[in-house]
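**Q** below are the sequence and a predicted model for it; my questions follow.
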Amino acid sequence: MAAPSSDNPTIEWVDGSIRMIDQTRLPGEFAIINAHHVHTLVEAIKTLAVRGAPAIGVAGAYGVALATREFPVDRDRSAFDEAVQTIRSARPTAVNLAKRVDEVLADIRDSSLPAERAALQAADRIRDEELEASVAMGDRGAYFVLDLCDGGPVRAMTICNTGGLATVERGTALAVIQRLHELGHLTEALPVETRPLLQGGRLTTWELHRMGAPFRLMVDSAGPFLLSRGQADVVLIGADRIAANGDTANKIGSFSLALGARHAGVPFIVVAPESTIDMATETGTDIEIEDRGPTEVITAMGTPIAEAHTDAVNPAFDVTPAELITAIVTERRVIRLDQGDTLDRIDSLAPEDIL
């Protein structure tokens, strides 16, 4: 099986369609979805065939280009607008999706080029931005972690999947872990399995194995306890939306790890691109949290594990308060929330400035 790379990226535009790795089939099967229609893309986003805030942002950007082909703006504007809105609202918590769709729409409006060409140029630019951001976050985050951990080596706990599958290549939090491994400073990665859809167990282990990094998988509920026993030096998570005050929405279970990290005195670091910061959302209480219904909870990979018709609470995300976050690392800067930094800070730090 191949891993996300420049030869086989998580998402790309090929011959008028969006080509995506089907993440619901991993690790058992490496399969590709070719979305020729908007409804196929929307279904892929809703079912998590493509997932991760940066990746669905890129998918949404290419989705606008797909909509210009399927519903030409100059022929039926209302059909085009409706198609774009279905893309924009496919998942409400991750800010990248709506933000990137709106960016492409603005480029179409302001360009003298035909709508499809303008949309594709904008989507390609957004994809390249996310790629460059992943590399920069990996570098910046790794050097920052080494500074916090006295030069390493480092045992890094993480949740969900934040690698190339969640972006285009390399990733966010997992890009930091990959860079630590490349620098020879990773003792082991400790991913939690991430119920109910097991993105940590299915996807993060798949990526860690392919990068050759040492790792051990944990059940979700083991994370805070192992932190209390000194089993990790840092917790690294991604983000689906970061509010203006630093409150961070991420995969359900992140808040528990933050509480465990605070109790244990372990740095808790959010790694996310600037595109995930939403200055229009004041605090975490303003973030809409998607509830995905009972089916994912009462089954495990399609196998029933509870009494039929059992109801369930299934928030896909939680919100970690800013006061529990040591720092937010983006491609441009390190925001030390624990030292009073704010997200409206405009300076940035290079890796050599951190060490």
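**A** Happy to help now that I have it.
**Q** shaky segments in the chain?
**A** Applying pLDDT under 70 to the chain picks out residues 1-7, 346-355.
**Q** tell me the residue furthest from the middle of it?
**A** Relative to the centre of the chain, and counting by C-alpha atoms, centre = their mean, the farthest-placed residue is residue 75 at 35.7 Å.
**Q** host element of that residue?
**A** Per DSSP states H and E: residue 75 is located in neither a helix nor a strand.
**Q** can you check the one 3 residues further on too?
**A** Element membership of residue 78, judged by DSSP H and E, is helix 77-88.
**Q** give me the residues contacting that helix.
**A** By C-beta atoms under 8 Å, 6 or more residues apart in numbering, the residues outside helix 77-88 that reach it are 38-39, 41-42, 45, 60, 63-64, 67-68, 70-73, 97-98, 101-102, 105. All C-beta atoms are positioned from the backbone trio N, CA, C, and that covers glycine.
**Q** is the residue nearest to residue 204 when sequence neighbours are not counted in a helix, a strand, or coil?
**A** In space, residue 204 comes closest to residue 191 once its chain neighbours are excluded; the distance is 4.3 Å by C-beta to C-beta, 6 or more residues apart in numbering. Secondary structure, DSSP: H, G, I helix; E, B strand; the rest coil: residue 191 is strand.
**Q** please name the residues that touch residue 326.
**A** Here residue 326 is in contact with 148, 267, 268, 269, 336, 337, 338 (C-beta under 8 Å, 6+ apart).
**Q** likewise for residue 317?
**A** By C-beta under 8 Å, 6+ apart, the residues touching residue 317 are 93, 240, 249, 250, 251, 252, 254, 287, 289, 290.
**Q** tell me where the longest helix sits in this protein.
**A** helix 115-148 (DSSP state H).
**Q** got the CA coordinates for the helix or strand following that helix in PDB?
**A** Following helix 115-148 in sequence order, the next helix or strand is strand 154-158 (DSSP H and E). C-alpha atoms of strand 154-158 as PDB (Å, rounded to 0.1, in the frame of the first residue of the first chain):
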ATOM      1  CA  VAL A 154      10.700  12.600  23.100                       C
ATOM      2  CA  ARG A 155       7.700  10.400  23.800                       C
ATOM      3  CA  ALA A 156       4.800  12.000  22.000                       C
ATOM      4  CA  MET A 157       1.100  11.200  22.700                       C
ATOM      5  CA  THR A 158      -1.400  12.100  20.000                       C
END
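**Q** so how far is strand 154-158 off the chain centroid?
**A** 18 Å (C-alpha atoms, centre = their mean, to the nearest Å).
**Q** now do the helix or strand following it and strand 154-158, the angle between them.
**A** Heading C-terminal from strand 154-158, the first helix or strand you meet, by DSSP H and E, is helix 173-182. Helix 173-182 runs at 160 degrees relative to strand 154-158, counting by axes from the mean of the first three to the mean of the last three C-alpha atoms, to 10 degrees.
**Q** middle-most residue in this protein, spatially?
**A** Short answer for the chain (C-alpha atoms, centre = their mean): residue 52, at 3.4 Å.
**Q** ranges for the helices of the protein?
**A** Assigned by DSSP H, the chain shows helices spanning 38-46, 53-70, 77-88, 95-110, 115-148, 173-182, 199, 205-211, 222-228, 254-264, 295-298, 351-354.
**Q** what's the closest of the ones you listed to residue 316?
**A** Closest to residue 316 of those, according to C-beta to C-beta: helix 295-298, at 8.8 Å.
**Q** for residue 235, the count of nearby residues, please.
**A** Residue 235 has 28 neighbouring residues, counting by other C-beta atoms under 10 Å.
**Q** how about the contacts made by it?
**A** Residue 235 touches 156, 157, 158, 227, 257, 258, 260, 261, 266, 267, 268, 269, counting by C-beta under 8 Å, 6+ apart.
**Q** so for residue 31, which of the helices of the chain sits nearest?
**A** It is, among the helices of the chain and with distance given as C-beta to C-beta, helix 38-46, at 11.6 Å.
**Q** elements contacting that closest one?
**A** Other elements packing on helix 38-46 under the criterion 3 or more C-beta pairs under 8 Å, 6 or more residues apart in numbering; DSSP states H and E are strand 32-35, helix 53-70, helix 77-88.
**Q** could you dump those to CSV with distance to residue 162?
**A** Formatted as CSV, the helices and strands packed on helix 38-46 follow (distance: least, C-beta to C-beta, whole Å):
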stretch, distance to residue 162
strand 32-35, 21
helix 53-70, 9
helix 77-88, 23
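**Q** would you mind giving those as CSV with distance to residue 130 and mean neighbour count added?
**A** Compiled in CSV, the helices and strands packed on helix 38-46 are given as follows (distance: least, C-beta to C-beta, whole Å; neighbours: other C-beta atoms under 10 Å):
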stretch, distance to residue 130, mean neighbour count
strand 32-35, 18, 16
helix 53-70, 5, 28
helix 77-88, 17, 17
